[in-house]
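Engineer: Here is a sequence with its predicted model. Questions after.
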Amino acid sequence: MTDLHVDGQRLWRTLHELAEIGATDAGGVARVALTDADKAGRDQFVEWVVEIGCAVHLDRMGNLFARREGADPERDPVVIGSHLDSQPTGGKFDGAYGVMVGLEILRVLDDAGHRTNAPIEVVSWTNEEGARFPPAMLGSGVFGGEFSLEEGLGAVTTDGTKLGDELVRIGYSGTEPCGGRPVGYYLEPHIEQGPILEANGKPVGVVTGVQGIRWYDVSIKGFESHAGTTPMDRRSDAMVSAANLISATDDIAKARVDGRSTVGVITSMPGSRNTVAGSVNLTVDLRHPDPDELSRMHDELIETASAIDPSASVEQIWYSPPVVFNASVVEAIRKSAAESGFEPIDIVSGAGHDAVYVNRVAPAGMLFIPCEEGLSHNEAESIVIEHSTAGAEVTLQAVLRLAEPA
Ligand SMILES: [Zn+2]
């Protein structure tokens, strides 16, 4: 433990000041990537970090880094961060919490005139949510080598607007290369977006990894026919097959403690109430922390689909393998939490985060704080100041642990 501590009230005020940018009537935030509101949020962040003497760096994906120099020019920085963009009807804390914790840490160091050994940087990654420019985590994804710069800048909205053009429009297209920037360690504080910490009465969770995700496009064929004149035994009804498959998909996850399965989108053709559906397309999202178990879930989905309808096509369109975070970062967070008087629990993240892609190129880890009823991606998303302060304090101590000489 050091004699440096965060100012929980100041962090709380800053979080709420930021939440005024893109504030919605229902108490949430709409700061969708590369809109004017996102620009305003970025401008505010830049103003705050420049005030305390940080240098601002911007890469070609618009990832924004605030840097406070360290005493040892040979050391790579300890980087804290997350994202300032939100869902269209998002909450105040998803992403913003991590960036504002980073800012609070910079302010603590500035107030104390404390020079860490390693430099400290705070990053806001571009387009984490992917709500306007799918896929999600694009800025950190290019940084971590998952996507090329061309893919990142070429991401388009449904109306064909390019991410690269919007970056230029809002003035956040940087000149530095995206990727290759030295990162000694990366820490991402985030709200849990799930109910586990709250249920366990814990203010802080040490995130050991992120569950693996597989996405599928499923297509089921039937035969269009008249709803009134076609007897039940003469139908080939794609909707009924789809219903059976949805139910079976639910069972695949329920057979496992840590399994998850979701059918989020369903479309049928011709989409007429008095015509038997000729085809149904649906999406499937499967998740599990263990890659082997996730691969068994994959096999079961394929088998079940072909048992229900031999002509069904199940195409996997995305695989994000389970992530195990860096042991040194996880340990620094765990020790700092214990020494700060919180008995943390280990937790596996159910959602993807920027730390997943950063972890490919640098030692990374995450810390969670609870959010009320686990609710997120919702304007009602809510946290309490005690947890906000706890997460920031643990992050500060972990950063100091990692930034000083071994
Ligand atoms: Zn987030």
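Structural biologist: On my side now, so go ahead.
Engineer: residues in this structure within reach of the ion, list them.
Structural biologist: Applying C-beta under 5 Å from the ion, one finds that the chain approaches the ion through Asp94, Gly95. Glycine gets a C-beta too; all of them are placed from N, C-alpha and C.
Engineer: Spit out the contact partners of Val356.
Structural biologist: Residues near Val356 by C-beta atoms under 8 Å, 6 or more residues apart in numbering: Met137, Ser140, Gly144, Val210, Ser320, Val323.
Engineer: whoops, I mixed them up, Arg132
Structural biologist: Arg132 neighbours (C-beta under 8 Å, 6+ apart): Val32, Ala33, Leu34, Thr35, Pro88, Thr157.
Engineer: Show me the contacts of Val356 that map onto helices.
Structural biologist: Residues of those located in helices (DSSP state H): Ser140.
Engineer: Let me have the contacts of Val356 in CSV, extended by pLDDT and neighbour count.
Structural biologist: What follows is the contacts of Val356, written out as CSV (pLDDT from 0 to 100; neighbours: other C-beta atoms under 10 Å):
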residue, pLDDT, neighbour count
Met137, 96, 26
Ser140, 98, 34
Gly144, 98, 24
Val210, 93, 24
Ser320, 86, 19
Val323, 94, 23
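Engineer: wait, which of the contacts of Val356 is closest to the ion?
Structural biologist: Met137 (9.0 Å; C-beta to the ion).
Engineer: where's the residue in the stretch 201-350 of the chain positioned nearest to the ion relative to Val79, distance?
Structural biologist: Proximity of the stretch 201-350 of the chain to the ion (C-beta to the ion) peaks at Ser349, 10.2 Å away. Plainly put, Ser349 is 18 Å away from Val79 if you go by C-beta to C-beta, to the nearest Å.
Engineer: If I look at the spatially most central residue of the chain, what pLDDT would I see?
Structural biologist: By C-alpha atoms, centre = their mean, the chain has its centre lying nearest to His353, at 3.0 Å. We have a pLDDT of 95 for His353.
Engineer: My read is that it contacts Val210, right?
Structural biologist: Yes. The pair His353 and Val210 qualifies as a contact (C-beta atoms under 8 Å) at a distance of 6.7 Å.
Engineer: check contacts around the residue in the stretch 251-400 of the chain positioned nearest to the ion.
Structural biologist: Residue of the stretch 251-400 of the chain nearest the ion, by C-beta to the ion: His353 (6.1 Å). Contacts for His353 (C-beta under 8 Å, 6+ apart) come out as Ser82, Glu128, Met137, Glu188, His190, Val210, Met366.
Engineer: looking at this, the last one is in a strand?
Structural biologist: Yes. Counting by DSSP: H, G, I helix; E, B strand; the rest coil, Met366 is found in a strand.
Engineer: Count the neighbours of it for me.
Structural biologist: Neighbourhood size, Met366 [other C-beta atoms under 10 Å]: 30.
Engineer: quick one: Ala242 and Leu400, what's the gap?
Structural biologist: From Ala242 to Leu400 the distance is 54 Å (C-beta to C-beta).
Engineer: neighbour count winner among these two?
Structural biologist: Taking neighbours as other C-beta under 10 Å, Ala242 and Leu400 compare with Ala242 leading, 26 against 22.
Engineer: Can you tell me, leaving aside adjacent residues, what's nearest to the more buried one?
Structural biologist: Leaving aside its sequence neighbours, Ala242 sits nearest to Val280 (C-beta to C-beta, 6 or more residues apart in numbering; 4.1 Å).
Engineer: Check Asp290 too.
Structural biologist: Counting by C-beta to C-beta, 6+ apart, the residue nearest Asp290 is Pro322, at 6.7 Å.
Engineer: Pull out the buried residues from stretch 257-276.
Structural biologist: Gly259, Arg260, Ser261, Val263, Ser268, Val276 (16 or more other C-beta atoms under 10 Å).
Engineer: What is the end-to-end distance of it?
Structural biologist: With C-alpha to C-alpha, to the nearest Å applied, stretch 257-276 spans 37 Å between its terminal residues.
Engineer: just stretch 339-357 next, same as before
Structural biologist: 29 Å.
Engineer: Kindly report the same for stretch 20-31.
Structural biologist: 10 Å.
Engineer: Stretch 107-118 now?
Structural biologist: Stretch 107-118 stretches 16 Å from its first residue to its last (C-alpha to C-alpha).
Engineer: Next, the buried residues of it.
Structural biologist: Arg107, Val108, Leu109, Thr116, Asn117, Ala118.
Engineer: Pick the one among those closest to Val99.
Structural biologist: Arg107 (12.9 Å; C-beta to C-beta).
Engineer: what's the spacing between that closest one and the ion?
Structural biologist: 22 Å (C-beta to the ion, to the nearest Å).
Engineer: got the contact list for that residue?
Structural biologist: Per C-beta under 8 Å, 6+ apart, neighbours of Arg107: Asp7, Arg10, Ile52.
Engineer: from these, which would you call buried?
Structural biologist: For the contacts of Arg107, buried by 16+ other C-beta under 10 Å: Arg10.
Engineer: Return the member of the contacts of Arg107 nearest to Glu331.
Structural biologist: For these, the nearest to Glu331 is Asp7 (26.4 Å; C-beta to C-beta).
Engineer: ok, the closest one touching Ile105?
Structural biologist: No. With contact defined as C-beta under 8 Å, Asp7 does not count as touching Ile105 (10.6 Å).
Engineer: residue contacts, Pro363?
Structural biologist: Gly184, Tyr185, Tyr186, Asn326, Ser328, Val329.
Engineer: now do Pro119
Structural biologist: Contacts of Pro119 (C-beta under 8 Å, 6+ apart): Arg67, Arg68, Glu69, Gly70, Arg75, Asp76, Pro77, Val78.
Engineer: where along the stretch 101-250 of the chain do the helices fall?
Structural biologist: 138-143, 149-154, 163-169, 196-200, 238-254 (DSSP state H, counting those that start in this stretch).
Engineer: if you compare these, which one is most tucked away?
Structural biologist: Highest mean neighbour count among those (mean count of other C-beta atoms under 10 Å): helix 138-143, with a mean of 30.
Engineer: now for that helix, which elements pack on it?
Structural biologist: The contact analysis (3 or more C-beta pairs under 8 Å, 6 or more residues apart in numbering; DSSP states H and E) places helix 138-143 against helix 149-154, helix 354-358.
Engineer: residues making contact with that helix?
Structural biologist: Under C-beta under 8 Å, 6+ apart, the answer for helix 138-143 is 59, 61-63, 83, 125-128, 130, 135, 147-149, 151-152, 155, 163, 178-179, 181, 354-358, 361.
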